[in-house]
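**Student:** A structural model of the following input is requested.
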Amino acid sequence: MLADLRAVAWRVYPAALDTLGLEEALTAVAEGAGATLWYDVARPPPGPVATAVYFVVAETATNAVKHASPSSVRIEVWRAGDLLRARVGDDGPGGADALGGGLAGLRRRVAALDGRFTVHSPAGGGTVVEAELPCG
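**Tutor:** So this is what the prediction gives:
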(Lines give C-alpha, C1' and ligand atoms only; values in the text may rest on other atoms or scores of the structure.)
Protein backbone atom coordinates (compact mmCIF):
# COMPACT_ATOMS: atom_id res chain seq x y z
CA MET A 1 0.00 0.00 0.00
CA LEU A 2 2.74 2.47 0.92
CA ALA A 3 4.64 1.64 -2.27
CA ASP A 4 1.48 2.37 -4.30
CA LEU A 5 1.07 5.75 -2.63
CA ARG A 6 4.71 6.63 -3.30
CA ALA A 7 4.30 5.66 -6.96
CA VAL A 8 1.26 7.94 -7.28
CA ALA A 9 3.09 10.81 -5.56
CA TRP A 10 6.06 10.35 -7.91
CA ARG A 11 3.79 10.68 -10.94
CA VAL A 12 2.19 13.81 -9.47
CA TYR A 13 5.48 15.63 -8.77
CA PRO A 14 8.97 14.18 -8.86
CA ALA A 15 10.84 15.26 -5.72
CA ALA A 16 14.11 14.76 -7.61
CA LEU A 17 13.48 18.06 -9.39
CA ASP A 18 13.70 19.90 -6.06
CA THR A 19 16.63 17.97 -4.67
CA LEU A 20 18.70 17.33 -7.79
CA GLY A 21 17.51 19.76 -10.45
CA LEU A 22 16.33 18.95 -13.96
CA GLU A 23 19.63 17.73 -15.40
CA GLU A 24 20.30 15.23 -12.62
CA ALA A 25 16.67 14.07 -12.56
CA LEU A 26 16.87 13.43 -16.32
CA THR A 27 20.22 11.69 -15.89
CA ALA A 28 18.50 9.24 -13.55
CA VAL A 29 15.70 8.71 -16.10
CA ALA A 30 18.23 8.10 -18.87
CA GLU A 31 20.18 5.61 -16.78
CA GLY A 32 16.99 3.76 -15.87
CA ALA A 33 15.97 3.54 -19.52
CA GLY A 34 19.43 2.68 -20.84
CA ALA A 35 19.30 5.92 -22.85
CA THR A 36 21.90 8.52 -23.70
CA LEU A 37 21.30 12.08 -22.54
CA TRP A 38 22.52 15.32 -24.11
CA TYR A 39 21.67 18.31 -21.93
CA ASP A 40 22.54 21.92 -22.82
CA VAL A 41 20.64 24.28 -20.53
CA ALA A 42 22.74 26.99 -18.90
CA ARG A 43 20.27 28.16 -16.27
CA PRO A 44 17.41 26.31 -14.59
CA PRO A 45 14.05 26.69 -16.33
CA PRO A 46 10.97 27.83 -14.39
CA GLY A 47 9.50 25.12 -12.15
CA PRO A 48 6.40 24.33 -14.23
CA VAL A 49 8.49 24.06 -17.41
CA ALA A 50 11.04 21.78 -15.71
CA THR A 51 8.22 19.59 -14.42
CA ALA A 52 6.59 19.31 -17.86
CA VAL A 53 9.91 18.47 -19.53
CA TYR A 54 10.66 15.90 -16.86
CA PHE A 55 7.33 14.15 -17.43
CA VAL A 56 7.66 14.25 -21.23
CA VAL A 57 11.12 12.69 -21.08
CA ALA A 58 10.36 10.17 -18.34
CA GLU A 59 7.10 8.90 -19.86
CA THR A 60 8.41 8.81 -23.41
CA ALA A 61 11.67 7.04 -22.55
CA THR A 62 9.85 4.55 -20.33
CA ASN A 63 7.27 3.82 -23.03
CA ALA A 64 9.96 3.38 -25.66
CA VAL A 65 11.73 0.75 -23.60
CA LYS A 66 8.50 -0.93 -22.52
CA HIS A 67 6.70 -1.05 -25.87
CA ALA A 68 9.23 -0.62 -28.68
CA SER A 69 12.23 -2.68 -27.51
CA PRO A 70 14.64 -0.30 -29.28
CA SER A 71 18.36 -0.88 -29.48
CA SER A 72 18.90 2.81 -28.63
CA VAL A 73 17.07 5.71 -27.03
CA ARG A 74 18.43 9.26 -27.13
CA ILE A 75 17.24 12.11 -24.94
CA GLU A 76 18.10 15.70 -25.84
CA VAL A 77 17.18 18.77 -23.81
CA TRP A 78 18.36 22.24 -24.75
CA ARG A 79 17.56 25.90 -24.60
CA ALA A 80 16.88 27.68 -27.89
CA GLY A 81 16.27 31.37 -27.24
CA ASP A 82 13.17 31.67 -25.09
CA LEU A 83 12.26 28.00 -25.56
CA LEU A 84 13.21 24.87 -23.69
CA ARG A 85 13.19 21.96 -26.12
CA ALA A 86 13.15 18.26 -25.36
CA ARG A 87 13.40 15.38 -27.81
CA VAL A 88 13.25 11.65 -27.15
CA GLY A 89 14.00 9.39 -30.08
CA ASP A 90 14.31 5.65 -30.44
CA ASP A 91 15.06 3.20 -33.22
CA GLY A 92 12.17 0.86 -32.44
CA PRO A 93 9.50 -0.22 -34.91
CA GLY A 94 7.54 3.06 -34.82
CA GLY A 95 3.78 3.14 -35.09
CA ALA A 96 3.16 4.91 -31.76
CA ASP A 97 -0.38 6.25 -31.42
CA ALA A 98 0.10 10.02 -31.12
CA LEU A 99 -3.43 10.34 -29.72
CA GLY A 100 -3.08 7.42 -27.28
CA GLY A 101 -3.60 7.83 -23.55
CA GLY A 102 -0.05 8.49 -22.36
CA LEU A 103 0.96 10.73 -25.25
CA ALA A 104 -2.34 12.60 -25.12
CA GLY A 105 -1.71 13.33 -21.44
CA LEU A 106 1.74 14.68 -22.22
CA ARG A 107 0.29 16.78 -25.04
CA ARG A 108 -2.20 18.33 -22.57
CA ARG A 109 0.55 18.97 -20.00
CA VAL A 110 2.66 20.81 -22.61
CA ALA A 111 -0.33 22.71 -24.06
CA ALA A 112 -1.24 23.95 -20.57
CA LEU A 113 2.04 25.91 -20.66
CA ASP A 114 1.43 27.20 -24.20
CA GLY A 115 3.95 24.73 -25.56
CA ARG A 116 4.10 22.57 -28.65
CA PHE A 117 4.16 18.76 -28.65
CA THR A 118 4.78 16.54 -31.67
CA VAL A 119 5.08 12.84 -32.32
CA HIS A 120 6.69 11.38 -35.44
CA SER A 121 6.39 7.60 -35.50
CA PRO A 122 6.08 6.06 -38.96
CA ALA A 123 5.66 2.28 -39.04
CA GLY A 124 9.11 0.75 -39.32
CA GLY A 125 10.87 4.05 -38.71
CA GLY A 126 11.37 4.63 -34.98
CA THR A 127 9.68 7.27 -32.87
CA VAL A 128 10.60 10.87 -32.09
CA VAL A 129 8.66 12.85 -29.50
CA GLU A 130 9.38 16.55 -29.14
CA ALA A 131 8.20 19.21 -26.70
CA GLU A 132 8.90 22.91 -26.98
CA LEU A 133 8.03 25.11 -24.00
CA PRO A 134 8.31 28.87 -23.56
CA CYS A 135 10.57 29.82 -20.67
CA GLY A 136 11.61 33.39 -21.42
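**Student:** point out where the chain drops to low pLDDT.
**Tutor:** 1-13 (pLDDT under 70).
**Student:** residues of the helix ranked longest in it that come out buried?
**Tutor:** In the chain, assigned by DSSP state H, the helix with the most residues is helix 47-63. For helix 47-63, the neighbour count (16 or more other Cβ atoms under 10 Å) marks 49-63 as buried. Heads up, the C-betas are built off the backbone N, CA and C, glycines and all.
**Student:** buried stuff in the helix or strand containing Phe117?
**Tutor:** Element membership of Phe117 [criterion: DSSP states H and E] is strand 116-120. By 16+ other Cβ under 10 Å, the buried positions in strand 116-120 come out as Phe117, Val119.
**Student:** got the contact list for the helix or strand following that strand?
**Tutor:** Where DSSP H and E defines the elements, the next helix or strand beyond strand 116-120 is strand 127-134. Identification of contacts with strand 127-134 by Cβ atoms under 8 Å, 6 or more residues apart in numbering yields 45, 49, 52-53, 56, 60, 64, 68, 82-90, 92, 94, 96, 103, 106, 110, 113-121.
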